[in-house]
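Engineer: pasting the structure only:
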């Protein structure tokens, strides 16, 4: 029905998150109809990103410069390091605009079944960074999952020798959450982490 | 094919974007996998954590198919342990050991009951390490490799048991061990060895080293598998520190 070039485009688009074969066909058609306005700029942007974006040697963020813009920003608080699992978590915190320190991307979590051990994560570089005199606090922002919290406890143990203060994000009722709709685990954690009001 | 059962989550792997493949330890159907549609979504992710207990209905065309689970949460045991790092290591270890050693779709109702007891015990730091060792002894028994820690393999004596043979899995008295004692596993007090007032981390380490050895050499060796990383981390947790005497009470 279509040439191999279009088939290849559809196949590649279908590998993107959120797209299946049907939506990939729609996206391919959309691109082909807007060749000048969308397809060529997109191809150029993809090519540029593929060649220029890399990991920040300090925090593991993705950027075109090394160190990344966040690590190089002199206005950022150097005494705070926020530890996240993935770059997507870093972006989420940046979107919220609530944290003005620096980050450290672990690159995943310890996983019993996938065989991901401490050596597969960027824990060593974190311990080295936390040992610097300027660092006062490390904030663990790993997920509230069994794997995420196991990793957080492990990192806490590893950071003990550096003497830096370690904190973690609170777990509990989300903003706008109604108790009736919360799962038992979230409710139990929220009750355990209650504080004077 | 359709059945309804109670199950404890051993693992939850993402399948595609929104789905999960759960591996459950069920009461009547043993370790059993199944797909949960929408299980990786933000609404259900919290329920699909290892250690959580679910009521599930499994449906498939044939018994050997992966099939799909319809799951309702019963108890969030895993979520209750998030504050306790050591208990989380224990939870991950037991889930990984069951995933590695238990054959699929083979009923072990006694193991399911033992797992419920272990999950309850994980909330009490003073007792769960000993319960974990007893659980692994029970797992070995269920898999046909039960250890005999009640009587000396050499003399038939039931008193003064202090060691376990790494070859036969049978207890040995202090006197019978003689010059071989360095090659034997120490039998901790809570397993019938020399009585002690408190459960020490040395006792737990000895117990975990004992069960770990037999899991590795009798169960996993047949399939050329190794003890999972999480189980090794659990042993490390109780390993005697080189700078202390290692007699810390658990």
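Structural biologist: Perfect, thanks for sending it. The structure displayed is predicted, hence computed values, not measured ones.
Engineer: What parts of chain B come near chain A?
Structural biologist: B:11, B:13, B:17, B:45-47, B:49-52, B:73, B:75-76, B:78-83, B:85-86, B:88-89, B:91-93, B:95-96, B:99, B:228-230 (C-beta under 8 Å from any C-beta of the partner chain). Where C-beta positions appear, they are placed from N, C-alpha and C, glycine not excepted.
Engineer: and those, which are buried?
Structural biologist: Burial of these was assessed by neighbour count (16 or more other C-beta atoms under 10 Å in any protein chain shown); the buried members are B:11, B:45-47, B:49-52, B:73, B:75-76, B:78-82, B:85-86, B:88-89, B:91-93, B:95-96, B:99, B:228-230.
Engineer: The residues of chain B next to chain A in helices, which ones?
Structural biologist: Secondary-structure check on the residues of chain B next to chain A using DSSP state H: residues within helices are B:78-80, B:85-86, B:88-89, B:91-93, B:95-96, B:99, B:229-230.
Engineer: Can you name the two of the residues you listed that sit furthest apart?
Structural biologist: B:80 and B:229 (23.7 Å; C-beta to C-beta).
Engineer: how about low-confidence regions in the chain?
Structural biologist: As the question left the chain open, I've gone with chain A. Per-residue confidence for chain A (pLDDT under 70) gives these ranges: A:1.
Engineer: was after chain B, sorry
Structural biologist: Under the criterion of pLDDT under 70, the regions of chain B flagged as low confidence span B:242-250.
Engineer: how near is the most centrally placed residue in it to residue A:68?
Structural biologist: Geometric centre of chain B, nearest residue: residue B:94, 3.5 Å, by C-alpha atoms, centre = their mean. Noted for residue B:94: a distance of 40 Å to residue A:68, by C-beta to C-beta, to the nearest Å.
Engineer: Could you do residue A:150 as well?
Structural biologist: As judged by C-beta to C-beta, residue A:150 and residue A:68 stand 28 Å apart.
Engineer: These two - which one has more neighbours?
Structural biologist: Neighbours around residue A:150 and residue A:68, counted as other C-beta atoms under 10 Å in any protein chain shown, are more numerous at residue A:150. The numbers are 26 against 22.
Engineer: check contacts around that one.
Structural biologist: If you count contacts by C-beta atoms under 8 Å, 6 or more residues apart in numbering or on different chains, residue A:150 has them with A:109, A:110, B:85, B:88, B:89, B:92.
Engineer: in the strand or helix carrying it, what's buried?
Structural biologist: Element membership of residue A:150, judged by DSSP states H and E, is helix A:146-159. With burial defined by 16+ other C-beta under 10 Å, the residues of helix A:146-159 counted as buried are A:146, A:147, A:148, A:149, A:150, A:151, A:152, A:153, A:154, A:155, A:158, A:159.
Engineer: related to what we said a few turns ago, wait, what's in contact with the residue nearest to the centre of chain B?
Structural biologist: B:115, B:118, B:132, B:135.
Engineer: so of those residues, which ones are in helices?
Structural biologist: Counting by DSSP H, the part of those found in helices is B:115, B:118, B:132, B:135.
Engineer: Include neighbour count when you put the residues you listed into JSON lines, please.
Structural biologist: JSON lines is the format used below for those (neighbours: other C-beta atoms under 10 Å in any protein chain shown):
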{"residue": "B:115", "neighbour count": "24"}
{"residue": "B:118", "neighbour count": "22"}
{"residue": "B:132", "neighbour count": "25"}
{"residue": "B:135", "neighbour count": "22"}
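Engineer: before we move on, back to that, from the contacts of residue A:150, which single one is nearest residue A:164?
Structural biologist: Sorting the contacts of residue A:150 by distance to residue A:164 puts residue B:85 at the head of the list, at 17.4 Å, by C-beta to C-beta.
Engineer: could you pull out the strands for chain A?
Structural biologist: Using DSSP state E, the strands of chain A run over residues A:54-55, A:62-63, A:77-84, A:101-105, A:137-140, A:165-168.
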